[in-house]
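Enquirer: Fold the stuff below for me.
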Amino acid sequence: MPLRSPRTNVAYELPSTVKSLNEGWLSTCQTAAAVSGLFAVVEVLLLAFIKDPVHYTHPHKHAAIQALRAFSYCALFFSCSAAISSLVLTDEFGELPVRASRKADPIKQGIFDSSSASLLEVYGARRSWRWVMWHWLFSLMAAVACLVTQILIYVWIEESLSVQITVSCVACFGILPLLHFVPMTRSNRRSSIIIAATSSQTVGSMTGP
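Expert: A predicted model of the protein is given here:
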């Protein structure tokens, strides 16, 4: 007996808070996929440059050159990995409105007492999106770190001491925004998210007379 297809409410719209959260993630993942692909292209070009012995005036620094090649390969794979994770997340968030339209609105009172990630899961995101998100974030940050390390190693192999110090300081300053993604210790208090009413549920009906 063939399985019955789920009924889809084609007129359904996500609550404004959920819609904004979903669109934010969707935009981030699409941009990350493009950036990761660009990183992969850059790494291919850098790898060709690095493997050419003509570009080294100190070929006796064999260990440093081998480390440079290793970071090049790592950066290439991390970039491809981040691109794949971004595409998976893009598909996940792009399909979320359809999944939400196939179930009754799980939040009746307009208030959700949990995290934004849990909110997305209530409206149709699969739980596996969390580990894919961490996989994407780690891969992207690792690709950036490997790229910066490549540049620094090459500079310390080939350039003068003044250039080495200057570039190292600039590199440290340049990667400071990545600290934004480092988990910080936070309070365990649960936060309430107010879900804006849809066209079928007005604010007045939520609050009552």
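Enquirer: Is Ala33 in contact with Ala83, as I believe?
Expert: Yes: using Cβ atoms under 8 Å, Ala33 is in contact with Ala83, at 5.4 Å. Where you see a C-beta, it was placed from the backbone N, CA and C, and this is true even at glycine.
Enquirer: More neighbours: those two, which one.
Expert: Comparing Ala33 with Ala83 by other Cβ atoms under 10 Å, the one with more neighbours is Ala83, at 23 against 20.
Enquirer: Go ahead and confirm the more buried one touches Leu38.
Expert: No: counting by Cβ under 8 Å, Ala83 sits too far from Leu38 to count as a contact (9.3 Å).
Enquirer: Now do Ala145 against Leu137, distance only.
Expert: From Ala145 across to Leu137, the span is 12 Å (Cβ to Cβ, to the nearest Å).
Enquirer: what residue ranges in the protein score low on pLDDT?
Expert: 1-6, 8-11, 59, 105-114, 183-209 (pLDDT under 70).
Enquirer: Which helix or which strand is home to Lys68?
Expert: Let me fix one detail, which is that residue 68 is Leu and not Lys. For Leu68, the enclosing helix or strand under DSSP states H and E is helix 62-100.
Enquirer: Tell me where this structure has strands.
Expert: Applying DSSP state E to the chain gives strands spanning 111-113, 192-194.
Enquirer: thinking again about what came up before, just list what the helix holding Leu68 packs against, helices and strands only.
Expert: helix 16-50, helix 129-158 (3 or more Cβ pairs under 8 Å, 6 or more residues apart in numbering; DSSP states H and E).
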